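Trainee: I would like to see how this sequence folds:
(chains A and B)
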Amino acid sequence: MTLKTEHFALNLGPVHPSTHGVFRLIATLDGEVIVDIEPVVGYLHRGIEKLAEGRTYKENIPFTDRLDYLAAMSNNLVYAMAVEKLAEIPVPERAEYLRVIMAELQRIASHLVGIGAFIQDLGAFGTPILYMWREREKILDLFDMVCGQRLHYNYMRFGGVSHDIPDEFLPALAKFVDRMPGFIDEYDQLLSENEIVLVRSKGVGILPKDLAINASTSGPVLRASGVKWDIRRADPYSIYNRFEFDIPICTGGDSYDRYWIRMKEMRQSIRIIKQAMEQLPKGKVLNKAPLRLRPPAGEVYTRIESPRGELGFYLVSDNSERPYRFHIRAPALINLTALRQMLIGWKLADAIIVFGSIDIVLGEVDR
Amino acid sequence: MIMFNPNSFGHLAALPPDWPGNFWLHLMAFTVIILAFVLITAIIFIWLERRGLGRLQIRLGPNRAGPFGLLQPLADVLKLLIKEDTVPTKADKLVFWLAPIVALAPVLMLFAVIPFQSGALLADLNIGILYVLAISSLASVGVFMAGWASNNKYSLIGAMRDVAMLISYEIPIVISIVGVILITGSLSLTEIVGAQESIPFILLQPLGFLIFFLGSLAESNRTPFDLVEADSEIVAGYHIEYSGMKYGTLMLTEYAEIIAISALVTTLFLGGWQGPLLPPILWFFIKVAAVFLLSVWIRGTIPRLRIDQVMAFAWKFLLPLALINLLVTSLQVVLWPEASLWLIVFLNLTVMAILILSWSRFFRLGGERIEV
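Mentor: Sure thing, here's the model as predicted:
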């Protein structure tokens, strides 16, 4: 006798503990096995791209904080860089170094949340993410010192950064940089060889190399699939060509590799911060840009390696105070496009961890 | 080999063969004691778990209500009592309403045969352990009713997982207990405790203890087997639609279950209420709390398994080991009843180490992608 079974649709989200915001997955399940999956985005759409067209260039800096709210410094940075390229505003040396330090600190903070949330999705009740947050808190304290904010920094300006660092910043940063590798070792010991983490994530949700390239993924997701592509090296911006660092890659393309890449990248970020601290020159941090900035007509695309991948801003200017077009190439959204191929054939529980391993931020996906 | 000898336990032999004292008085007194014990212990354990998890997670845990946050569980219960009791429109109302009771009642019934101290139990059944095994499976009926009646896909998935896990883990649990029964020669829990006067069975049956403990974690849905209410996947599983005191009852069931499991582990493997210096009831409570804290520790540290891995763990890992443990134990009992205890302890610990190391070498939990 054969039992008659039928598929059923399960709605994961938009209100669900593991969707990292308001993301929705319509999964067609055969028992526990995913037969089909349909991602639905747009629940956090605030129309930032359109809103930005109605505001001046400078008024748009705080908007960029609200995109990827776990990596607001990186968003600030790329927008400032785009406008500087458009209006040809020079940046002082010291400001470049400060920008690199902030961007790399932000990468560590964002990866900490990414790894913590990933292990939380694996079912470890609270403990890993709280350990990660213990360190992230220190980074937020450092950011608090330089700009008075802990989440939405609004720190980068056209032609530099808004404030010079206070006196107590560098000693605090040195202390952090000294201690952080020890904490990363601790996470490594607790998580990387954990038998359950291994069986749950090794080989699960594989993103093949060709699919990763065709889907235009970037960041840790791409590098976990075996493509050595990091914009800090491939298309150096700011002063990244002055620093020594490695680009870690894996070849498996599974969820564990994406976790592992983030672990490795945090160590490389610390290396960069150390070098930047040694080389940090004295001087001013902000070249005054005109208050009512009117960049010459034209278009510009600037990209950086944000914690999530290639974050790009495409700006079109018609020589007015407001951008004519303000487009954001959000890495999280584009990394998500390969989700369906990665999930089909796996179990419901795997859907959550594969999704978690991509490490998206809905503020950036929906904009 | 230690065989149970009734003459060596004078205090037990003094009990009448039938119910002690007045039957109805005894029944009533112990029903009240059991209810009070379960409720109070549950409240203490909820506090212990939350504070313990807080410690593990570098935070404080509840510390506002009462001294050290001790009144927090009471505050939670009070909140649950005055909350609106919602029932989904398309729920099966009667089943939905019955489910928490059906889940709680068998768990409470478990305590009827657990000796709190010498002779202090509701019914010293001569088939005690069999009764425990039979009754403990019943709680899953309540869980399945809750999952089915809620008319929610998440809760249905959770309930299906619970039943699947129950069926799988019952078998290694039963086989691991048989080792204890072989050594004791009795099914009565009092006599099992009595037989551990010289040495607790955790030393004589280390592998049995491990299998029983892991299987019990799975049956009571604790991490890493908490797939039934896996909050990162199926949100809350079978009690997703419950609110108010119905939800409270389901939570109470869960804690009563883990208390029952801890009490069973204490009784079967840790020597029950026996111990030096302190009064027996205190020893019993300390051991139960220790086993419970072990499960809290596990909950605070390791992630969750997937459903197929949980199944594979039961059938491919625990079951063969339980069978080998049974074989070794029966050989020892039949062929070598006069062996010295410490030799047996050493032998069984070695067997356990070799088995677990070699088995985990060849055994892989991972599941493959399924073509659809």
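
Trainee: ok, now which ones touch residue A:326?
Mentor: Residues in contact with residue A:326 (Cβ atoms under 8 Å, 6 or more residues apart in numbering or on different chains) are A:49, A:52, A:53, A:60, A:313, A:314, A:315. (Each C-beta comes from the backbone N, C-alpha and C, glycine too.)

Trainee: got it, and residue A:70?
Mentor: By Cβ under 8 Å, 6+ apart, the residues touching residue A:70 are A:109, A:110, A:113, A:114, A:307, A:361.

Trainee: you'd agree the fourth one is up against residue A:359?
Mentor: Meaning residue A:114. Yes. Between residue A:114 and residue A:359 there is a contact under Cβ atoms under 8 Å: 3.8 Å.

Trainee: what about the strands in chain A?
Mentor: Along chain A, counting by DSSP state E, strands occupy A:8-12, A:24-30, A:33-40, A:156-157, A:160-161, A:298-306, A:309-317, A:325-329.

Trainee: adding mean pLDDT and distance to residue A:146, write these out as JSON lines.
Mentor: Converted to JSON lines, the strands of chain A look like this (pLDDT from 0 to 100; distance: least, Cβ to Cβ, whole Å):
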{"stretch": "strand A:8-12", "mean pLDDT": "86", "distance to residue A:146": "39"}
{"stretch": "strand A:24-30", "mean pLDDT": "88", "distance to residue A:146": "37"}
{"stretch": "strand A:33-40", "mean pLDDT": "88", "distance to residue A:146": "37"}
{"stretch": "strand A:156-157", "mean pLDDT": "88", "distance to residue A:146": "11"}
{"stretch": "strand A:160-161", "mean pLDDT": "87", "distance to residue A:146": "8"}
{"stretch": "strand A:298-306", "mean pLDDT": "90", "distance to residue A:146": "19"}
{"stretch": "strand A:309-317", "mean pLDDT": "90", "distance to residue A:146": "21"}
{"stretch": "strand A:325-329", "mean pLDDT": "90", "distance to residue A:146": "25"}
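
Trainee: out of the ones you listed, deepest packed?
Mentor: strand A:156-157 (a mean of 27; mean count of other Cβ atoms under 10 Å in any protein chain shown).

Trainee: residues contacting that one, please?
Mentor: A:61, A:73, A:76, A:77, A:79, A:80, A:99, A:162, A:286, A:289.

Trainee: of all the residues you listed, which comes closest to residue B:36?
Mentor: Residue B:36 lies nearest to residue A:73 out of those, by Cβ to Cβ, at 57.2 Å.

Trainee: so for that closest one, what's the pLDDT?
Mentor: In this model, residue A:73 is scored at 89, pLDDT.

Trainee: for it, which non-adjacent residue is closest in space?
Mentor: Distances taken as Cβ to Cβ, 6 or more residues apart in numbering or on different chains place residue A:106 nearest to residue A:73, at 3.9 Å, with adjacent residues excluded.

Trainee: can you pull out the low-pLDDT segments for the chain?
Mentor: By default, I'm working from chain A. Scanning chain A for pLDDT under 70 picks out the ranges A:1.

Trainee: ah, no, chain B please
Mentor: Across chain B, the ranges flagged by pLDDT under 70 are B:1-22, B:120, B:366.

Trainee: circling back: give me the distance between the residue nearest to residue A:73 and residue A:366.
Mentor: 21 Å (Cβ to Cβ, to the nearest Å).

Trainee: the two: which is more packed in?
Mentor: residue A:106 (25 against 21; other Cβ atoms under 10 Å in any protein chain shown).

Trainee: pull the contacting residues for residue B:201.
Mentor: With contacts defined as Cβ under 8 Å, 6+ apart, residue B:201 is in contact with B:180, B:183, B:192, B:195, B:208, B:209, B:268, B:269, B:270, B:271.

Trainee: which parts of stretch A:337-346 are buried?
Mentor: Judged by neighbour count using 16 or more other Cβ atoms under 10 Å in any protein chain shown, the buried positions of stretch A:337-346 are A:338, A:339, A:342, A:343, A:344, A:346.

Trainee: quick one: is it near chain B?
Mentor: Yes. Under the criterion of Cβ under 8 Å from any Cβ of the partner chain, chain B is reached by stretch A:337-346 at A:344, A:345, A:346.

Trainee: ok, residues contacting stretch A:283-294?
Mentor: Against stretch A:283-294 from outside (Cβ under 8 Å, 6+ apart): A:56-58, A:83, A:87, A:89-95, A:98, A:157-164, A:319-321.

Trainee: meant to ask about stretch A:232-239, not that
Mentor: A:77, A:81, A:96-97, A:99-100, A:103, A:231, A:240, A:245, A:247, A:302-305.

Trainee: start and end of it, how far apart?
Mentor: Taking Cα to Cα, to the nearest Å, stretch A:232-239 runs 9 Å from one end to the other.

Trainee: and that stretch, how far from the chain's centre?
Mentor: 17 Å (Cα atoms, centre = their mean, to the nearest Å).

Trainee: just stretch A:216-235 next, same as before
Mentor: 13 Å.

Trainee: kindly check the end-to-end length of that stretch for me.
Mentor: Start-to-end span of stretch A:216-235 (Cα to Cα) is 16 Å.

Trainee: in that stretch, what counts as buried?
Mentor: A:217-227, A:229-232.

Trainee: tell me the contacts of residue 173?
Mentor: Defaulting to chain A. Contacts of residue A:173 by Cβ under 8 Å, 6+ apart are A:101, A:105, A:142, A:273, A:277.

Trainee: chain B is the one I meant
Mentor: For residue B:173, the contact set (Cβ under 8 Å, 6+ apart) comprises B:133, B:211, B:212, B:215, B:216, B:219.

Trainee: which one of those sits closest to residue B:343?
Mentor: Distances from residue B:343 to those, taken as Cβ to Cβ, are shortest for residue B:211 (22.3 Å).

Trainee: from residue B:337, how far off is the residue in the stretch 101-250 of chain A that chain B sits nearest to?
Mentor: Chain B sits closest to residue A:123 of the stretch 101-250 of chain A, with a gap of 2.6 Å, by Cβ to the nearest Cβ. To residue B:337, residue A:123 is 45 Å away according to Cβ to Cβ.

Trainee: do the same with residue B:221
Mentor: 39 Å.

Trainee: between those two, tell me which one has more neighbours.
Mentor: Using other Cβ under 10 Å, the more surrounded residue of residue B:221 and residue B:337 is residue B:221, with 24 against 10.

Trainee: and that one, what is it in contact with?
Mentor: With Cβ under 8 Å, 6+ apart, residue B:221 has these contacts: B:162, B:165, B:227, B:228, B:229, B:254, B:257.

Trainee: returning to what we had before: between the contacts of residue B:201, which is closest to chain A?
Mentor: Comparing those against chain A with Cβ to the nearest Cβ picks out residue B:209 as the nearest, at 20.3 Å.

Trainee: if you count contacts, what does the helix or strand encompassing the closest one end up packed against?
Mentor: In this structure, residue B:209 sits in helix B:206-219 according to DSSP states H and E. Here helix B:206-219 touches helix B:153-184, helix B:201-204, helix B:244-269, helix B:280-301, helix B:319-335, helix B:341-362, going by 3 or more Cβ pairs under 8 Å, 6 or more residues apart in numbering or on different chains; DSSP states H and E.
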